[in-house]
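A.B. asks: just a sequence and a predicted model for now, questions to come.
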Amino acid sequence: MRLALSVVFSSLAGYLLGVETFDFKTLILLALGGYFMVGASNAFNQIIEKDLDALMDRTKNRPIPVGRMSVNTAFIIASVFTLAGIIILYTINKQTAMFGAISIFIYTCVYTPLKTKTPIAVFVGAIPGAIPFMLGWVAATDDFGIEPGTLFALQFFWQFPHFWAIGWFLYEDYKKGGFFMLPTGKQDRGTAVQVIMYTIWTILVSIIPVFGFTGELHLSIVAAILVFLAGLWMLYYAIGLFKKMTEKAAKQLMLVSVFYITLIQIIYVVDKFIR
């Protein structure tokens, strides 16, 4: 539920950034389509990983591993959610539906199988994970350009410190299921350094709109300063992980990263409407 709501929130933020004339109907359709989209991806994921889910404390109580739901029922739900999501997004415009379908395909058919094979799976998974913020802009404008591309890049780079933090403090649990989510495959300095590097990339991308290089996507100087300070806040915890190398530090970074991306999206939207 939390993941689905975060996807919907990102999509709505992207829509508000791109829209010229607000349409409440489109906003509702985008929220529903985005919700079904992430629901379908998660359902297919849990079907594919049902045996591995049973091995991990984090996932062992999911419906399929404990027998509350059959695989056939889950597949029907996943299929219905896929169709519902794509059809709803198609009523907004074709490009929105296309990106929604791409997101489900990559998450289910590429990211999920790769998770037990290579840490590169996180890079692949970051693609569908970055689509929602961009999807909102495309829904508002029926156009893909530098603006949604920038929103995509921001959420794409942000996912690495976020998911590596999760992979760090759940390392032993992931190991039970055969998942090695960290870039080096273990909790070491190499992983911690990459967390810092991608946090810095996130900060840099987040302030690009203030320089006027991103078309209709603008950011005032005051908003850019706030965005930059928020980035330094997350960087502080990323450096903290490097220094402490503990699961507690990783969990702190994960929580801060969630607040960070939500705060950035709010600042972007508020700045547009008060500028």
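C.D. replies: Sure thing, it's come through.
A.B. asks: which regions of the protein lie under the pLDDT threshold?
C.D. replies: Filtered on pLDDT under 70, the chain yields no residues whatsoever.
A.B. asks: where along the stretch 151-275 of the chain do the helices fall?
C.D. replies: Secondary structure of the stretch 151-275 of the chain (DSSP state H, counting those that start in this stretch): helices at 171-176, 189-207, 221-244, 247-274.
A.B. asks: output those helices as a markdown table; include the columns mean neighbour count and distance to residue 131.
C.D. replies: The C-beta positions use only the backbone N, C-alpha and C, and glycine is treated the same way. Shown next, in a markdown table, are the helices of the stretch 151-275 of the chain (neighbours: other Cβ atoms under 10 Å; distance: least, Cβ to Cβ, whole Å):
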| stretch | mean neighbour count | distance to residue 131 |
| --- | --- | --- |
| helix 171-176 | 16 | 24 |
| helix 189-207 | 19 | 16 |
| helix 221-244 | 17 | 21 |
| helix 247-274 | 18 | 14 |
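A.B. asks: so which of those helices gets nearest residue 19?
C.D. replies: helix 247-274 (9.5 Å; Cβ to Cβ).
A.B. asks: any chance of the helices of the stretch 151-275 of the chain in a markdown table with distance to residue 66 as columns?
C.D. replies: Formatted as a markdown table, the helices of the stretch 151-275 of the chain follow (distance: least, Cβ to Cβ, whole Å):
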| stretch | distance to residue 66 |
| --- | --- |
| helix 171-176 | 16 |
| helix 189-207 | 32 |
| helix 221-244 | 33 |
| helix 247-274 | 26 |
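A.B. asks: residue 13: which of those helices is closest?
C.D. replies: Here helix 247-274 is closest among the helices of the stretch 151-275 of the chain (Cβ to Cβ), at 4.0 Å.
A.B. asks: dump the C-alpha coordinates for stretch 75-83 into PDB.
C.D. replies: Presented in PDB, the C-alpha positions along stretch 75-83 are these (Å, rounded to 0.1, in the frame of the first residue of the first chain):
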ATOM      1  CA  PHE A  75      -2.600 -14.200 -11.700                       C
ATOM      2  CA  ILE A  76      -6.200 -13.200 -12.400                       C
ATOM      3  CA  ILE A  77      -5.800 -10.100 -10.100                       C
ATOM      4  CA  ALA A  78      -2.500  -9.200 -11.700                       C
ATOM      5  CA  SER A  79      -3.900  -9.500 -15.200                       C
ATOM      6  CA  VAL A  80      -7.000  -7.500 -14.300                       C
ATOM      7  CA  PHE A  81      -4.900  -4.800 -12.700                       C
ATOM      8  CA  THR A  82      -2.600  -4.600 -15.800                       C
ATOM      9  CA  LEU A  83      -5.600  -4.200 -18.200                       C
END
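A.B. asks: list the buried residues for it?
C.D. replies: By neighbour count on 16 or more other Cβ atoms under 10 Å, the buried set for stretch 75-83 is 77-78, 81-82.
A.B. asks: so which of these belong to helices?
C.D. replies: 77-78, 81-82 (DSSP state H).
A.B. asks: may I see the buried residues of stretch 75-83 arranged in a markdown table, with distance to residue 214 as well?
C.D. replies: Output for those, formatted as a markdown table (distance: Cβ to Cβ, whole Å):
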| residue | distance to residue 214 |
| --- | --- |
| 77 | 39 |
| 78 | 36 |
| 81 | 33 |
| 82 | 32 |
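A.B. asks: of those residues, which is the nearest to residue 93?
C.D. replies: residue 82 (18.5 Å).
A.B. asks: quick one, what contacts the closest one?
C.D. replies: Going by Cβ atoms under 8 Å, 6 or more residues apart in numbering, residue 82 touches 36, 40, 104.
A.B. asks: neighbour count added to those, as TSV?
C.D. replies: Shown next, in TSV, are the contacts of residue 82 (neighbours: other Cβ atoms under 10 Å):
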residue	neighbour count
36	23
40	26
104	23
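A.B. asks: right, I'll call it a day here.
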